[in-house]
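*Asks:* Next come a sequence and a model predicted from it.
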Amino acid sequence: MHEALFTPVRLGAIEAPNRILMAPLTRGRADPGAMPNARIAEYYRQRASAGLIISEATPISVEGYGWHAAPAIYSDEQAEAWKPVTEAVHQAGGRIVLQLWHMGRIVHSDYLGGQPPVSASATTAPDHAHTPTGRQPHVQARAATLDDISRIVDDYGKAAARARAAGFDGVQLHGANGYLIDQFLRASTNLRDDDYGGPVENRTRLMREVLERLIAVWDAGHVSIRLSPNGDTQGCDDPDPASLFGHAAKVCEELGIGFVELRQPGPEGTFGRTDVPKQDAVIRAAYKGALVLNSDYTAEAAEADVVSGRCDAVSFGRPFISNPDLPWRIRNGVEWAPNVNVPQSWYLPGEAGYIDYPALQPG
């Protein structure tokens with residue numbers, strides 16, 4: 001069944017054996033010190049039949065870290081702890097790229113010794129932050145100085161080098177969901193009047209500079225980006241998303257990155273409005289590399305979008321939590337197991353709801 005999903009696809013320099021990708025999923029299972037561990041290695045090993053695994057969002061610096069128990073990549077010790085993870089995936093025949101994360105204004109000051117987080121401008125995110133002591137209201141961020149921006153670009157480069165040393169098959173820039181890159185992209189959170197604010201050419205400047213740094217560490221074919229171009233995400237919005245994300249796609253085309261992944265939530269999506277037009281056609285027109293769509297897909301819808309040429313692959317998120325052998329289930333028409341104890345089990349520590357979902361795939 002769904003034969004188009006099981007044809008190989010080239011994602012830049014990465015050859016994927018099928019078009020069913022595993023989307024990045026924050027799970028909060030790291031050890032103290034933001035260290036990857038054996039549970040994380042087993043979790044990804046179980047899901048190695050995906051055409052490509054995009055790892056959970058992984059902080060590049062202490063400054064960008066704002067999710068309790070997320071594994072990070074800002075120290076050599078953390079990079080060393082990622083090696084058993086990549087080895088486990090590779091031994092199981094899989095491929096995995098590391099998603100690089102700076103949360104910007106979503107970082108609560110509790111993670112920063114009481115100091116404010118950094119963002120494009122001095123704005124405050126809506127709702128609450130997740131902290132070690134529970135949910136707390138977000139605090140106002142400070143606007144990044146030019147020195148801050150230079151340092152942040154360097155932090156991305158150092159994290160990319162550590163990811164390469166740890167054995168990953170590439171890196172993805174997290175440019176979506178209202179985090180730092182998205183905060184620079186969108187007009188509601190970027191109020192700057194310098195070279196990083198105003199017209200879309202300026203608001204995409206940080207994205208371009210980070211991608212260029214990642215390419216310098218790897219090469220363009222091993223670098224990708226995730227964007228969320230449809231409506232409000234954690235208070236980030238833009239009055240003209242077609243112009244903004246069309247230009248962002250043009251930057252990706254000029255740089256020749258390996259693939260672009262778009263989060264496009266459906267009616268039950270976690271982030272983003274559903275009453276705004278989808279922007280994938282605008283991005284498809286400007287960017288000629290591999291396009292990956294994500295969010296709320298069924299196997300039938302994924303097959304249809306690949307067959308029609310709307311996208312080259314589909315990344316599945318929540319279905320991979322409870323179905324470690326999701327590609328096998330899709331190919332054999334087997335019903336997907338539901339997530340249990342949701343959403344609590346998504347982020348709780350321990351093995352329950354993490355590596356205890358059984359696979360039905362023989363062998």
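*Replies:* All right, it came through fine. Numbers count the residues shown, from 1 in each chain.
*Asks:* Give me the buried positions along the helix-or-strand element of the chain with minimal mean pLDDT.
*Replies:* Within the chain, no helix or strand scores below helix 344-347, which has a mean of 80 by mean pLDDT, DSSP states H and E. Within helix 344-347, the residues that qualify as buried are 345-347, counting by 16 or more other Cβ atoms under 10 Å. Every residue, glycine included, has its C-beta placed from N, CA and C.
*Asks:* Spell out the secondary structure type for residue 172.
*Replies:* Classification of residue 172 by DSSP: H, G, I helix; E, B strand; the rest coil places it in strand.
*Asks:* And for residue 76, the neighbour number?
*Replies:* 12 (other Cβ atoms under 10 Å).
*Asks:* and it, what is it in contact with?
*Replies:* Contact analysis of residue 76 by Cβ atoms under 8 Å, 6 or more residues apart in numbering lists residue 162.
*Asks:* Relative to residue 258, how far out is it?
*Replies:* Going from residue 76 to residue 258 by Cβ to Cβ, to the nearest Å gives 26 Å.
*Asks:* any idea how far the least confident helix or strand of the chain is from the chain center?
*Replies:* Here the centre of helix 344-347 is set off from its chain's centre by 18 Å, with Cα atoms, centre = their mean, to the nearest Å.
*Asks:* Over to stretch 119-134?
*Replies:* Stretch 119-134 has its C-alpha centroid displaced from the chain centroid by 19 Å (Cα atoms, centre = their mean).
*Asks:* what do you get for stretch 142-161?
*Replies:* Distance, centroid of stretch 142-161 to centroid of chain: 18 Å (Cα atoms, centre = their mean).
*Asks:* How about stretch 309-321?
*Replies:* 13 Å.
*Asks:* Now tell me what touches that stretch from outside.
*Replies:* By Cβ under 8 Å, 6+ apart, stretch 309-321 touches 5, 9, 11, 16, 19-25, 47, 50-52, 54, 259, 261, 280-281, 284, 290-295, 297, 302, 305-306, 326, 336, 339, 346, 353, 357.
*Asks:* Among these, which lie within strands?
*Replies:* Residues of those located in strands (DSSP state E): 9, 11, 16, 20-22, 54, 259, 261, 290-294.
*Asks:* mind putting the residues you listed in TSV, pLDDT, distance to residue 123 and neighbour count included?
*Replies:* Rendered in TSV, the data for these read as follows (pLDDT from 0 to 100; distance: Cβ to Cβ, whole Å; neighbours: other Cβ atoms under 10 Å):
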residue	pLDDT	distance to residue 123	neighbour count
9	98	39	21
11	98	34	27
16	98	38	22
20	98	37	29
21	98	33	28
22	98	32	26
54	98	28	28
259	98	31	29
261	98	26	28
290	98	34	21
291	97	30	21
292	98	30	25
293	96	29	25
294	95	26	24
